[in-house]
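Undergrad: Make a model of this:
(one chain, ligands or ions: 1)
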Amino acid sequence: MGPLRNAYLDALGIDRWVPRDAPGEIPSIPEVVAASQVAAPVPHLAPANAPYVPSADWGALRERVAACTACAELCRTRTQTVFGVGNTRSEWLIIGEAPGAEEDRQGEPFVGRAGQLLNAMLLAIGLPREQVFIANILKCRPPGNRDPKPDEVSRCLPFLSNQIALLKPKIILAVGRIAAQNLLATDAPLARLRGKLHSFGDPATPLIITYHPAYLLRTPSDKRKAWEDLKLARATHARITAGA
Ligand code: SF4
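TA: Numbering: from 1, shown residues only. Reported below is the predicted structural model:
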């Protein structure tokens with residue numbers, strides 16, 4: 001483990017350790033499979049009303065999101081839409097909940113303290129922020145940082161599905177309850193969803209759930225569980241890219 005990763009694990013507040021009988025930290029494939037309960041794939045999310053015709057390229061999709069007025073309250077109160085950011089050729093897609101006040105101001109997801117912690121979490125598994133693509137379930141900020149309403153989520157999810165279709169990620173990391181529950185179409189608590197390998201869409205993309213960095217800032221005692229999730233994500237990606 002290099003000094004840079006050590007520094008970021010320190011930022012996460014995670015003790016560094018190496019298993020006595022294993023040289024590395026990436027669990028073996030059998031360990032991953034044993035540790036993971038593979039949930040059945042869920043179909044791509046359908047638009048709420050009229051059939052959604054996907055945009056064929058990133059530029060067209062970005063313009064379409066920027067012009068969207070489907071949610072009356074959100075488009076009245078937002079500063080701007082927050083499309084997503086990062087490498088559109090990345091094998092990694094990070095999905096959060098919705099923009100907060102700072103994201104709404106800057107037009108970028110995961111900025112501020114939660115963003116810094118997300119960056120640290122990603123770097124801890126060798127992923128600079130610039131190497132992944134980051135998007136939210138909702139592209140507009142709910143006022144007062146309230147939870148997204150179900151009808152807002154249904155209107156906005158086709159945009160995310162469109163982003164997934166364009167990106168074709170090898171793995172998705174969903175952070176936080178809202179992202180997890182909406183991607184898996186469940187109301188199960190996050191504690192029951194994390195620590196497992198799920199899949200999303202058709203074709204099925206591996207999906208790992210972990211805590212939202214804003215939650216981890218409030219509850220640092222759960223950072224160790226988040227680290228386990230990140231290691232599961234890293235091992236799953238390594239297994240996929242090795243063709244296993
Ligand atoms: S949240 Fe999504 S669907 Fe609603 S107005 Fe914003 S971009 Fe449109």
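
Undergrad: What average pLDDT does the helix or strand hosting K231 get?
TA: Using DSSP states H and E, K231 sits within helix 223-241. What helix 223-241 shows for mean pLDDT is 97.

Undergrad: Same question for stretch 190-207.
TA: On average, the pLDDT along stretch 190-207 is 96.

Undergrad: tell me the contacts of D147?
TA: With contact set as Cβ atoms under 8 Å, 6 or more residues apart in numbering, D147 has these partners: I178. Placement of C-beta: from N, CA and C, glycine included.

Undergrad: Next, find the distance separating it from Q181.
TA: Distance of D147 to Q181, computed by Cβ to Cβ, to the nearest Å: 10 Å.

Undergrad: just A124 next, same as before
TA: In this view, A124 and Q181 are 25 Å apart by Cβ to Cβ.

Undergrad: List the beta-bridge partners for the residue nearest to I134 when sequence neighbours are not counted.
TA: Leaving aside its chain neighbours, I134 sits nearest to I94 (4.5 Å; criterion: Cβ to Cβ, 6 or more residues apart in numbering). I94 has these beta-bridge partners by DSSP bridges: I134, L173.

Undergrad: tell me, how many neighbours does I94 end up with?
TA: 29 (other Cβ atoms under 10 Å).

Undergrad: Repeat that for G243.
TA: With other Cβ under 10 Å as criterion, G243 counts 5.

Undergrad: Before we go further, it is sitting in a helix, right?
TA: No: counting by DSSP: H, G, I helix; E, B strand; the rest coil, G243 is not found in a helix; it is coil.

Undergrad: Name the residues of this protein found near the ligand, please.
TA: By Cβ under 6 Å from any ligand atom, the residues of the chain that approach the ligand are 65, 68-71, 74-75, 81, 138-140, 152, 155-156.

Undergrad: filter those residues to the buried ones?
TA: 65, 68, 70-71, 74, 81, 138-140, 152, 155-156 (16 or more other Cβ atoms under 10 Å).

Undergrad: Can you flag which of these belong to helices?
TA: Among these, DSSP state H puts 65, 74, 152, 155-156 in helices.

Undergrad: Out of these, which is nearest to G59?
TA: Nearest to G59, judged by Cβ to Cβ, of those is V65 at 11.1 Å.

Undergrad: Show the end-to-end separation of stretch 100-109, please.
TA: Distance across stretch 100-109, first residue to last, is 8 Å (Cα to Cα, to the nearest Å).
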